[in-house]
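**Student:** missing the sequence, but the structure's below:
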């Protein structure tokens, strides 16, 4: 676990006991994050792997992304989120090995291209 991940985990559990207590009680799970569109450009890659305490939610993952990649904060308010190819909300609980896709709105293109 790197420093950014530890900070993000700490932020997820502010007011809910210590980081140590939460990790010991819950364990750790690995989640794969997929970045699309402008998020991929901001982050500089198309995916990341993160370790979070078991029972973390999509909202906790978003908090991690905001702390790890500060440039994505503005874009995250309008993204669609999919967990294992199914749309999900911030309260959805994550499980070991889940794949979370962050999908920003699509714009651009033209209808009359020749």
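**Tutor:** Done, it's in. These numbers were taken from a predicted model, which means no experiment stands behind them.

**Student:** the chain: strands as residue ranges?
**Tutor:** In the chain, the strands defined using DSSP state E lie at 28-35, 47-53, 80-83, 86-87, 99-103.

**Student:** each with direction, which strands does the fourth one pair with?
**Tutor:** Read that as strand 86-87. As defined by DSSP bridges, the strand partners of strand 86-87 come to strand 80-83 (antiparallel).

**Student:** about what we covered before: can you say which of the strands of the chain is nearest to residue 63?
**Tutor:** Across these, residue 63 has its closest neighbour in strand 47-53 (9.8 Å, CB to CB). In short, each C-beta sits where N, CA and C put it, glycine included.

**Student:** starting at the chain centroid, how far to that closest one?
**Tutor:** Remark: strand 47-53 is offset 8 Å from the chain centroid, using CA atoms, centre = their mean, to the nearest Å.

**Student:** quick one: average pLDDT of it?
**Tutor:** If you average the pLDDT over strand 47-53, you get 94.

**Student:** could you check it and say which residues are buried?
**Tutor:** Buried residues in strand 47-53, counted by 16 or more other CB atoms under 10 Å: 48, 50-53.

**Student:** any idea what residue 32 is bridged to?
**Tutor:** Counting by DSSP bridges, residue 32 is bridged to residue 49, residue 99.

**Student:** ok, it - contacts?
**Tutor:** Residues near residue 32 by CB atoms under 8 Å, 6 or more residues apart in numbering: 47-49, 97-100.

**Student:** how about 7 Å then?
**Tutor:** Shown in contact with residue 32 (CB atoms under 7 Å, 6 or more residues apart in numbering): 47, 49, 99.

**Student:** quick one: contacts for the residue most central in space within the chain?
**Tutor:** The centre of the chain sits closest to residue 61, judged by CA atoms, centre = their mean, with a distance of 3.7 Å. Taking CB under 7 Å, 6+ apart, we find residue 61 in contact with 31, 52, 94, 100.

**Student:** closest one of the contacts of residue 32 to residue 67?
**Tutor:** residue 49 (15.8 Å).

**Student:** isn't the closest one up against residue 34?
**Tutor:** No: using CB atoms under 7 Å, residue 49 is not in contact with residue 34; the gap is 10.8 Å.

**Student:** right, I'll call it a day here.
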